[in-house]
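>>> Following is a predicted model, sequence given first.
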Amino acid sequence: MNRRSFIGKVGRGALGISAASCLLGEGAVFGAAKKPRVKNWTWTDGGEKLKPAEQKRRFKQFRKAGISAVLFSSFNAGVLACAKDHGLETHAWTWALCRGDKELLEKHPDWYDVNRLGESAADKPAYVNYYHFLCPSHPEVGDYLAKIVSGLGDNAKLDGIHLDYIRYPDVILPVALWKKYNLVQNEELPQFDYCYCEVCRNAFKQQTGEDPLKLPDPPSNAAWRRYRYDSVTKLVNRLVQVAHGKKKQITAAVFPTPTLAKKMVRQDWVHWNLDAVLPMVYHSFYNEKPEWIERAVREGVTALPQDRPLYAGLYLPDLHGDDFDRAVTFAMAGGAQGVSLFGGVRTIKARR
C-alpha cells in the first residue's frame with residue numbers, strides 16, 4: 001500500500017525490464033502493429049544522486065523499453081532536462097490529500113479528515129502512520145492544493161502534473177490486505193469511515209437538512225455517499241482548471257474500477273475532467289489472476305467519456321514469469337491505451 005518503498009528501486013535501478021528486449025515498443029505492444037495513441041508510463045523517483053552518465057543510461061533504457069512518459073516523485077532541473085533530451089514526457093507525481101507535512105499538522109489540524117468516531121487523521125491516522133488525509137471539503141485545502149498545482153505549472157520543463165492519493169482513506173482495504181491488518185471489512189467500520197468534520201457535517205446539513213452523524217445508518221445513505229464523491233470530484237476539477245490554465249496535462253492514479261473506487265475510497269473518477277486516468281489494476285491486491293485486469297480495464301473504459309484515455313497501472317512485484325506479458329495483453333484487450341509500471345527491480349524477457 002505504501003508506494004514510497006518502491007520508488008527508489010525503480011528509479012535507480014533497471015526499471016524491471018530488459019532494455020534489449022524492447023517489450024513495449026512505441027505505439028505498439030509486444031510487436032503488434034503500431035498504434036499512435038498507445039503511450040506507456042512509469043512511476044519513479046528523480047534519481048538526483050545518479051551521475052550524469054547513469055541518468056542518461058536510465059532514460060535511454062526507459063525509451064528502449066517503450067516508456068514515453070515518466071511520473072517523477074522528485075526531480076530537479078537537470079533530471080527533467082535529461083529526460084526530455086531522451087524524448088520522455090515529464091510529469092510531477094504529487095501526493096494530494098495524503099499530507100503529513102509537519103507544518104500542516106501543527107498549524108492546521110482542523111483541515112484533516114475526521115472519522116465516524118470523532119478521531120482526526122491529523123493525530124490518529126488509519127492503518128499506517130503516514131495516512132494523514134486532508135478533507136477535500138475544506139476551502140482552505142482546495143486553496144492549498146491549487147497553489148501547489150499552480151507552482152508546478154510554472155515549471156517550463158514539466159509536461160504535466162499527476163495526482164496521487166486524491167481520495168479519502170480506505171473505508172475498505174483491498175481484500176488481500178485484510179489479513180495484514182487483522183481486519184474483516186465486510187462493512188464500513190466507523191474508525192475507517194471519513195469525513196465527519198464540522199465542515200462536512202454543516203455542508204451536508206445545508207444540502208439535506210440532516211446531520212450525517214445522526215443518520216440511522218450513515219454507510220447506507222445514498223445522499224451522504226454522493227456528498228463525499230462530489231467533494232473529491234469538485235476538488236479534482238478545480239485542480240484541472242488550474243493545471244490547464246498553465247497549459248499542463250493533468251492525470252491521476254485511481255482505484256482500479258469505477259465501482260471499487262467509489263466503494264473503497266469515495267472516488268467517482270468517471271466524472272473527473274482529467275486528461276487521462278491511471279487506474280491501479282493491481283490484481284493481486286484483490287486476490288485475482290491477471291485475467292481480471294481485462295475486466296477491470298474494460299469497466300473503466302466503458303464508463304469514461306470516449307475521448308478520455310485510460311492507462312492501466314501494473315504492479316511489477318507480483319508479475320512473475322510470463323505474467324507481465326499476459327498482464328499487458330489483458331490491459332490492451334480491455335481497451336487501455338497503454339500501461340504504467342510500478343514497483344521493483346526485475347528483468348522480464350520479451351515474448352518470442
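Cool, the structure landed. Values in this document were obtained by computation on a predicted structure and should not be read as measured data. Numbering: from 1, shown residues only.
>>> list the buried ones in the helix ranked longest in the chain?
Counting by DSSP state H, the longest helix found in the chain is helix 222-245. Neighbour counts using 16 or more other Cβ atoms under 10 Å place 224-233, 235-236, 238-240, 242-243 of helix 222-245 among the buried residues. Where you see a C-beta, it was placed from the backbone N, CA and C, and this is true even at glycine.
>>> Pull the residues that contact the next helix or strand after it.
Downstream of helix 222-245, the first helix or strand assigned by DSSP states H and E is strand 249-254. Applying Cβ atoms under 8 Å, 6 or more residues apart in numbering, the external contacts of strand 249-254 come out as 43, 91, 149, 159-167, 236, 239-240, 243-244, 261, 267, 269, 272, 274-280, 313.
>>> What strand or helix carries V79?
Per DSSP H and E, V79 falls inside helix 77-85.
>>> Within its sheet, name the partner strands of the helix or strand immediately after that helix in the chain and how each one runs.
Next helix or strand after helix 77-85 toward the C-terminus (DSSP H and E): strand 89-95. According to DSSP bridges, strand 89-95 forms sheet pairs with strand 69-72 (parallel), strand 160-164 (parallel).
>>> Now render the ones you listed as CSV, adding mean neighbour count.
Listed next are the strands paired with strand 89-95 as CSV, based on neighbours: other Cβ atoms under 10 Å:
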stretch, mean neighbour count
strand 69-72, 25
strand 160-164, 25
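>>> Out of those strands, flag the one nearest D101.
Closest approach to D101 among the strands paired with strand 89-95 (Cβ to Cβ): strand 160-164, 15.1 Å.
>>> same question for the closest one, mean pLDDT?
The average pLDDT within strand 160-164 is 98.
>>> what's the angle between that strand and helix 222-245?
If you take axes from the mean of the first three to the mean of the last three Cα atoms, to 10 degrees, strand 160-164 sits at 160 degrees to helix 222-245.
>>> Which residues does strand 160-164 contact?
For strand 160-164, contacts defined as Cβ under 8 Å, 6+ apart pick out 3, 69, 71, 89-96, 98, 149, 152-153, 236, 239, 243, 248-253, 275, 278.
>>> now it and strand 249-254, what's the angle there?
20 degrees.
>>> quick one: buried residues of the following helix or strand past strand 160-164?
Under the assignment DSSP H and E, the closest C-terminal helix or strand after strand 160-164 is helix 198-208. Judged by neighbour count using 16+ other Cβ under 10 Å, the buried positions of helix 198-208 are V199, C200, R201, F204.
>>> cool, stretch 71-85 as well?
L71, F72, S73, F75, V79, L80, C82, A83, K84.
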